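1. with the sequence up front, the predicted model follows.
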Amino acid sequence: MGGPAVIDGQAVASTDNFYVAPFVIDGVEWSTAEHYYQAAKYLRGGDASEWHSGASRIEEIRAAESGAKAWSLGQRSSVDMRPDWEHVKVNVMYRAVSAKYEAHPCLAKELAATRGPIEAAFSTMGAHDNWQRLNSLILERVREELRPAEARNQKRYAALVSLTEPRLQGEAAIASLRASFAKQSQG
């Protein structure tokens, strides 16, 4: 839990993951980015349209009356958490934040009009948490995507995408490393 990010010396309310601005992902409506993020911990296959029969926890989070309540419900248990969560969680939040701005053009225009560094609010997770930095990167990526392609800093945008996409794991990670090494060896 944090609050709005500061951009150009001003707090931008819509950048708070608890900000109520409903959006739809995979055919399901979510009140806040935090609702989707917390529920996604328990999605099988990562797709909100593929809820399993034991989806009561997901529905309870989705129906929570506030982002804070959704956060609290998401902290209850790690037993049923999807096994790839640590590898996909940044991208899950990116999807939610992106969907929020896509669903609300006025908010998108406000974010796209900013120019300065984005300083996301501190997380309640404390000094060992890097969510302030990650939320800043997510917001920066979304801001770049809201701008016309020719107005983007393409190198920075490519770096933001690589930092917010799911991390490969297992055999896929090994195959990617081998392909990258082979490409470097040839060139």
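-> Yep, that arrived. Predicted model only: the values in this text are computed from it and were never measured.
2. CA atoms for contacts and neighbours, from now on please.
-> OK.
3. which outside residues touch stretch 154-168?
-> 87, 88, 89, 90, 91, 94, 137, 138, 140, 141, 144 (Cα atoms under 8 Å, 6 or more residues apart in numbering).
4. what distance do you get for residue 4 to residue 161?
-> Residue 4 is 22 Å from residue 161, where distance means Cα to Cα, to the nearest Å.
5. ditto for residue 66
-> Distance, residue 66 to residue 161, by Cα to Cα: 29 Å.
6. can you check residue 39 too?
-> 23 Å.
7. from the chain's centroid, how far away is stretch 68-78?
-> 17 Å (Cα atoms, centre = their mean, to the nearest Å).
8. shouldn't residue 85 be in contact with residue 41?
-> Yes - under the criterion of Cα atoms under 8 Å, residue 85 makes contact with residue 41 at 6.3 Å.
9. neighbour-wise, which of the two wins?
-> Taking other Cα atoms under 10 Å, residue 85 and residue 41 do not tie; residue 41 has more neighbours (23 against 16).
10. kindly confirm whether my reading is correct that that one touches residue 87.
-> No - Residue 41 lies out of contact with residue 87 (Cα under 8 Å); the separation is 11.3 Å.
11. middle-most residue in the chain, spatially?
-> Among the residues of the chain, the one closest to the centroid is residue 93, at 1.4 Å (Cα atoms, centre = their mean).
12. so that residue is in which element?
-> If you go by DSSP states H and E, residue 93 is part of helix 85-103.
13. elements contacting that helix?
-> strand 23-25, helix 33-40, helix 105-112, helix 131-146, helix 154-164 (3 or more Cα pairs under 8 Å, 6 or more residues apart in numbering; DSSP states H and E).
14. what's the most buried one of these?
-> Compared across the helices and strands packed on helix 85-103, helix 33-40 shows the largest average neighbour count, a mean of 26 (mean count of other Cα atoms under 10 Å).
15. so what touches that helix?
-> The contact list for helix 33-40, computed with Cα under 8 Å, 6+ apart, reads 17-19, 30, 46, 48, 57-59, 61-62, 64, 67, 70-71, 73-74, 89, 92-93, 96-97, 100.
16. filter these down to the buried ones.
-> Among the contacts of helix 33-40, those classed as buried by 16 or more other Cα atoms under 10 Å are 17-19, 30, 46, 48, 57-58, 61-62, 64, 67, 70-71, 73-74, 89, 92-93, 96-97, 100.
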